[in-house]
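[1] Sequence and predicted structure are below.
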Amino acid sequence: MRLHPDVSMTDTDDGTVLLHQRTGRYWQLNVTGSRVLHRLLDGETPEAIADGLAAAHGIDPQRARHDVAAVVGQLRTAELTVAP
């Protein structure tokens with residue numbers, strides 16, 4: 001996964017801000033969403049990210065997979081990311 005060519009990204013203390021330059025829309029990711037995005041951009045699979053979050057935070061792996069899938073879906077729907 002990679003950022004859409006029209007999207008710029010800035011990390012903040014509270015997560016990440018994405019700007020879709022073509023539409024002018026801003027998106028704010030919290031710290032966890034930011035970690036998910038960065039790991040996706042580094043080439044990790046959603047399943048590996050979810051398993052890592054589940055282990056690190058002591059949450060149900062199925063719940064983590066659902067949450068990561070939701071982030072991935074929202075990023076794609078908003079046209080912030082594209083498949084390689």
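    Yes, it's here.
[2] Every contact and neighbour count from this point should use C-alpha atoms.
    OK.
[3] Could you give me the buried positions within the helix of greatest length in the chain?
    The helix that spans the most residues within the chain, counting by DSSP state H, is helix 61-77. Neighbour-count burial for helix 61-77, counted by 16 or more other C-alpha atoms under 10 Å, picks out Pro61, Ala64, Arg65, Asp67, Val68, Ala69, Val71, Val72, Leu75, Arg76.
[4] what do you get for stretch 20-32?
    Applying 16+ other C-alpha under 10 Å to stretch 20-32 flags His20, Gln28, Leu29 as buried.
[5] Read off the pLDDT value for the residue nearest to Glu47 when sequence neighbours are not counted.
    Among residues not flanking Glu47 along the chain, Arg65 sits closest, at 6.3 Å (C-alpha to C-alpha, 6 or more residues apart in numbering). Model confidence at Arg65, given as pLDDT, is 97.
[6] Including distance to Ser34, could the buried residues of helix 61-77 go into JSON lines?
    Shown next, in JSON lines, are the buried residues of helix 61-77 (distance: C-alpha to C-alpha, whole Å):
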{"residue": "Pro61", "distance to Ser34": "19"}
{"residue": "Ala64", "distance to Ser34": "15"}
{"residue": "Arg65", "distance to Ser34": "16"}
{"residue": "Asp67", "distance to Ser34": "13"}
{"residue": "Val68", "distance to Ser34": "11"}
{"residue": "Ala69", "distance to Ser34": "14"}
{"residue": "Val71", "distance to Ser34": "10"}
{"residue": "Val72", "distance to Ser34": "11"}
{"residue": "Leu75", "distance to Ser34": "11"}
{"residue": "Arg76", "distance to Ser34": "15"}
